[in-house]
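*Asks:* Here is my input; please provide its structure:
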Amino acid sequence: MKNDHTPVSVAEMRSRARKHVNDGAVTADYKGDRKQVLKMLNESLATEIVCVLRYRRHYFTAKGIHAPGVAAEFLAHSNEELGHADLLAARIVQLGGEPDFAPRTLEARSHAEYIEGSSLQDFILENLVAERIAIESYREFIAYLGEKDPTTRRLLEGILAVEEEHADELADLLQHMPKDQSRAT
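*Replies:* Just a heads-up that it's a prediction; the model follows:
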């Protein structure tokens, strides 16, 4: 396989670094479509924030004999989703963009929905559906990036691994939840 990449001289790298110092982490060899990557990162950010909010609501409103353990899982997932949101927002800034936290358009930009549910089973199911949506979204985003933006790709791969863990944990909870759960709210 032929490598078409010709190394840049150190002198050229130094010159470009000084000339474009205000571009921060984005260098001339960045291969991604920055505008599209920033749009997709902001959609991912919105998805994570919606998931934080949904998990938090479910944490506080879970009721019933099985609620304490399930609610603890919701809180742990919410905190991890918040960590993902922070990572995404930081990457957006590194790429010269602005993270979009605007509440009025949050759900429209999110891939996942904010569905409240009315029972512990509903809560688990809605969070599992959202995790599955996030998994598919991150896989598509990672495939889109390919080798064009390895830093963002690695960030997304790490988030994807956690989302897969969440889905596995929720599927297990749902499978072991008694079918006759009383209403949670």
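*Asks:* Give me the neighbour count for V26.
*Replies:* Neighbour count for V26, taken as other Cβ atoms under 10 Å: 14. From N, CA and C alone the C-beta is placed, and that goes for glycine too.
*Asks:* Chain neighbours aside, what residue packs nearest to it?
*Replies:* Distances taken as Cβ to Cβ, 6 or more residues apart in numbering place G96 nearest to V26, at 5.5 Å, with adjacent residues excluded.
*Asks:* Show the contacting residues for the one you found.
*Replies:* Shown in contact with G96 (Cβ atoms under 8 Å, 6 or more residues apart in numbering): 23-24, 26, 34, 38.
*Asks:* Narrow the residues you listed to those in helices?
*Replies:* Within the contacts of G96, residues falling in helices by DSSP state H are 34, 38.
*Asks:* among the contacts of G96, who's most crowded?
*Replies:* Among these, L38 has the most neighbours (other Cβ under 10 Å), with 20 neighbours.
*Asks:* Who are the contact partners of it?
*Replies:* The contact partners of L38, by Cβ under 8 Å, 6+ apart, come to 92, 95-97.
*Asks:* Format those as a markdown table; extra columns: pLDDT, secondary structure and distance to G117.
*Replies:* Supplementary listing: these in a markdown table, determined by pLDDT from 0 to 100; DSSP: H, G, I helix; E, B strand; the rest coil; distance: Cβ to Cβ, whole Å:
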| residue | pLDDT | secondary structure | distance to G117 |
| --- | --- | --- | --- |
| I92 | 98 | helix | 31 |
| L95 | 96 | coil | 36 |
| G96 | 94 | coil | 39 |
| G97 | 96 | coil | 34 |
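*Asks:* Just the buried ones from the residues you listed?
*Replies:* Listed as buried from the contacts of L38 are 92, 95, 97; burial here means 16 or more other Cβ atoms under 10 Å.
*Asks:* any chance of those residues in TSV, plus distance to K63?
*Replies:* Listed next are those as TSV, based on distance: Cβ to Cβ, whole Å:
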residue	distance to K63
I92	38
L95	43
G97	41
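*Asks:* list the contacts for the closest residue to D33 other than its chain neighbours?
*Replies:* Of all residues not flanking D33 in the chain, K148 sits nearest, at 7.9 Å (Cβ to Cβ, 6+ apart). Going by Cβ under 8 Å, 6+ apart, K148 touches 31-33.
*Asks:* Fine by me, we can end here.
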